Structures are given as C-alpha cells and as structure tokens.
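[1] any chance you could fold what I've pasted below:
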Amino acid sequence: MGELKDKAKGMANETVGKVKQASNDPETRAEGRAQERKGEAQQVKGSIKGALGDRV
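    The predicted structure is shown next:
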C-alpha cells in the first residue's frame, strides 16, 4: 500500500515542480527543479517498496 502512496506523491511533486519551472521568477524555477527531483526520488522509493513488499 505504501508503494502506491509514494508513487502518487512523487507524481504530484513532479507535476508541481514542472509548473513552477515555467515561471519567470528564477527563485521559483529553482524551487520547481528541486520539487521535481523530490518527486522522482519518491517514485523510486515507491518502486523499491513494491519490489521489497513494503519492508522498507
């Protein structure tokens, strides 16, 4: 179950990050890049949980 939750959070963070990167403000673009990377990491975490059966 934790696998799906992590993957969903990851997708949401990636999407919000991509939207922020379209901003004209350099600070907001930097936040967007960081948020997108966080989302990618959450998705990897979810994949690992799925492979290990939530024992992580």
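[2] where does this protein dip in pLDDT?
    1, 54-56 (pLDDT under 70).
[3] what comes up buried for the top helix by length along the chain?
    Assignment by DSSP state H gives helix 26-52 as the longest helix of the chain. Buried positions in helix 26-52, judged by neighbour count with 16 or more other Cβ atoms under 10 Å: E31, G32, Q35, E36, K38, G39, Q42, Q43, K45, G46, K49. Where C-beta positions appear, they are placed from N, C-alpha and C, glycine not excepted.
[4] isn't the second one right up against N24?
    No: the pair G32 and N24 fails to qualify as a contact (Cβ atoms under 8 Å) at a distance of 11.9 Å.
[5] contacting residues around the residue located most distally from the centre of the chain?
    Among residues of the chain, the one most distant from the C-alpha centroid is N24; the distance is 22.1 Å, by Cα atoms, centre = their mean. If you count contacts by Cβ atoms under 8 Å, 6 or more residues apart in numbering, N24 has none.
[6] give me the number of residues near the closest residue to G50 other than its chain neighbours?
    Spatially, and ignoring its direct neighbours in sequence, G50 is nearest to E3 (3.9 Å; Cβ to Cβ, 6 or more residues apart in numbering). Neighbours of E3 under the rule other Cβ atoms under 10 Å: 18.
[7] other residues contacting the helix or strand hosting E3?
    According to DSSP states H and E, E3 maps onto helix 2-21. Residues outside helix 2-21 that contact it (Cβ under 8 Å, 6+ apart): 28-29, 31-47, 49-50, 54.
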